[in-house]
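> pasting a predicted model and its sequence here:
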Amino acid sequence: MSFKNIHIGQMIQKRALESGIETSRICKFLKCSENELDTMYTLESLDSEIILRWSKLLEYDFFRIYTQHLIWYSPAHVKNRADINPESELPKFRKSIYTKEIIDFIINLIEKGEKTKAEIIAEYKIPKTTLFKWLAKYKS
């Protein structure tokens, strides 16, 4: 899966097929016709309210796809933008969404020799710099 070019309609369609939920149930939940449903599958972007409803129905966080895109492809910031305007009422998030368990799993694969660094980068689409920072910080 490529997080660089997101086609949310195709991703939702894949998840819908994997889940095995009947089309009639999907249409009832989303309050749409089958034609509108088919159109959604072809769209590269959807309204956030629709994506939220899909996420609930299919029990999959489709917003995480966009978050992952931001983590990997947004430019590095010299200064945290949240520090520029401390009065903002918007919630503040950490940039990394990798859990300690995921990082440990990846490092363990490398340490046991099950996968090379290049294989990890290719298979899990983890940026090279991120992987090397993890190895420097967490390697046992």
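Cool, got the structure. Numbers count the residues shown, from 1 in each chain.
> which element follows the lowest-mean-pLDDT helix or strand in the chain toward the C-terminus?
When the helices and strands of the chain are scored by mean pLDDT, DSSP states H and E, helix 81-84 comes last with a mean of 53. For helix 81-84, the succeeding helix or strand toward the C-terminus, using DSSP states H and E, is helix 100-111.
> other SSEs contacting that following helix?
When contacts are defined as 3 or more CB pairs under 8 Å, 6 or more residues apart in numbering; DSSP states H and E, helix 100-111 sits against helix 117-124, helix 128-138. Where you see a C-beta, it was placed from the backbone N, CA and C, and this is true even at glycine.
> ok, now which ones touch Arg25?
Contact partners of Arg25, counting by CB atoms under 8 Å, 6 or more residues apart in numbering, are absent.
> so it is in which element?
Following DSSP H and E, one finds Arg25 within helix 23-30.
> show me what counts as buried in that helix.
Ile26 (16 or more other CB atoms under 10 Å).
> put the alpha carbons of the very next helix or strand once past it into PDB.
Downstream of helix 23-30, the next assigned helix or strand under DSSP H and E is helix 34-42. Taking Å, rounded to 0.1, in the frame of the first residue of the first chain, the C-alpha atoms of helix 34-42 are listed here in PDB:
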ATOM      1  CA  GLU A  34     -26.200   1.500  -4.600                       C
ATOM      2  CA  ASN A  35     -25.300   3.900  -7.500                       C
ATOM      3  CA  GLU A  36     -24.000   6.500  -4.900                       C
ATOM      4  CA  LEU A  37     -22.100   3.700  -3.200                       C
ATOM      5  CA  ASP A  38     -20.400   2.700  -6.500                       C
ATOM      6  CA  THR A  39     -19.600   6.400  -7.100                       C
ATOM      7  CA  MET A  40     -17.900   6.600  -3.700                       C
ATOM      8  CA  TYR A  41     -15.700   3.700  -4.600                       C
ATOM      9  CA  THR A  42     -14.400   5.600  -7.600                       C
END
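> that'll do, ta.
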